[in-house]
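Trainee: I need the structure of the sequence given here:
(one chain, ligands or ions: 1)
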Amino acid sequence: MKDYLVKAYAFGGTVRIYSARTTQLVEQARNIHKTYPAASAAFGRLLTNSLIMGAMYSEDQTLTIRINGNGPIGTMITSVDAHGHVKGTVENPQVHYSYKDKLAVGMVVGNQGYIHVTKDLKIRDTFTSSAEIQTGEIAEDFTYYFAKSEQIPSSVGLGVLVDENNKVFASGGFILQIMPGAKDETITKIENNIKAMKPISELINDCKTPEEIIEEITKGDHEIVEEMPLSYVCDCNKERFKNGLSTLDNGELESMIDDGEDINITCDFCKKQYSFTVDDIKEIKSNKS
Ligand SMILES: [Zn+2]
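Mentor: Here you go, the predicted structure:
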């Protein structure tokens, strides 16, 4: 089953809802970063939320989301575009707690810190907005972020389930946002529908599609306006790391050359390795001066 996102307008266009299935890409992220179960859930929720947020913005925009709640997982960073491509890093992927048989995401993320969202509009500047982490459960934290930093009343549901082999077998989520002009009775109706829903990870585990999840929220009063495939993609290449090396000062490059060993650099996002020989370093140094 492929990963994808749908966007819908509901209740006469006064509510917008995004819903996503991310099972395959979160499993791919687990394989890349070797996350333990609670870390897989924390990172998976963040990846899902990031992809949905990316889809809220226009064509060329990219977002970088950084979250650190001072819990054992440390800093998680994601980078996402408006076309369903995400990548990310986890500082300490091998952490795990559970509580009453549930993955304790709030415990691994921690609740003493901030979410920072940097928008790169590809015009000139970047803009960063921030909000305090509330619980470390990710969904509550972004609900608060949308209310505080963007003044948009929202409801966020995110879930990741792992099997007995620690493989990710269900992941997804939704973000619902109330637009200006929504009626109080609409909001009450949505609140009641969401209260009556099963947890999002169970809905995905029950093979509910993103469309069916939206159906649960609106009971049919909506129109799907967009569908987008989702994937975990890293756009790194050797040239970029070469440019990185060329920013080192001559003394540092000199000592690498003197050491006489290949320099291996690993991409933080996809763990791909790039190797530079002493001759490569000499070339980088000579092109600098
Ligand atoms: Zn990479």
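
Trainee: quick check: mean pLDDT of stretch 110-125?
Mentor: Mean pLDDT, computed over stretch 110-125, is 91.

Trainee: how far is it from where the chain is centred?
Mentor: 12 Å (C-alpha atoms, centre = their mean, to the nearest Å).

Trainee: and what of stretch 103-120?
Mentor: So, by C-alpha atoms, centre = their mean, the centroid of stretch 103-120 is 11 Å from its chain's centroid.

Trainee: repeat for stretch 145-156
Mentor: The answer for stretch 145-156 is 17 Å, by C-alpha atoms, centre = their mean.

Trainee: ok, now stretch 117-132?
Mentor: Worked out by C-alpha atoms, centre = their mean, stretch 117-132 lies 16 Å from the chain centre.

Trainee: buried stuff in that stretch?
Mentor: Neighbour-count burial for stretch 117-132 flags 117, 119, 120, 131 (criterion: 16 or more other C-beta atoms under 10 Å). The C-beta positions use only the backbone N, C-alpha and C, and glycine is treated the same way.

Trainee: reformat those as TSV; add secondary structure.
Mentor: Shown next, in TSV, are the buried residues of stretch 117-132 (DSSP: H, G, I helix; E, B strand; the rest coil):
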residue	secondary structure
117	strand
119	strand
120	strand
131	strand
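
Trainee: which pair in these spans the largest distance?
Mentor: Farthest apart among the buried residues of stretch 117-132 by C-beta to C-beta are 120 and 131. That separation is 18.9 Å.

Trainee: let me see the contact set for residue 173.
Mentor: Applying C-beta atoms under 8 Å, 6 or more residues apart in numbering to residue 173 gives the contacts 19-20, 22, 45, 48-49, 52, 139, 156-159, 200.

Trainee: stretch 175-193: end-to-end distance?
Mentor: One end of stretch 175-193 sits 14 Å from the other (C-alpha to C-alpha, to the nearest Å).

Trainee: can you give me how far it is from the chain middle?
Mentor: Distance of stretch 175-193 from the chain centroid (C-alpha atoms, centre = their mean) equals 25 Å.

Trainee: ok so, going back, closest one to the ion out of the buried residues of stretch 117-132, please.
Mentor: Among those, residue 120 lies closest to the ion (C-beta to the ion), at 18.1 Å.

Trainee: my guess is that closest one meets residue 63, correct?
Mentor: Yes: applying C-beta atoms under 8 Å, one finds residue 120 in contact with residue 63, separated by 7.4 Å.
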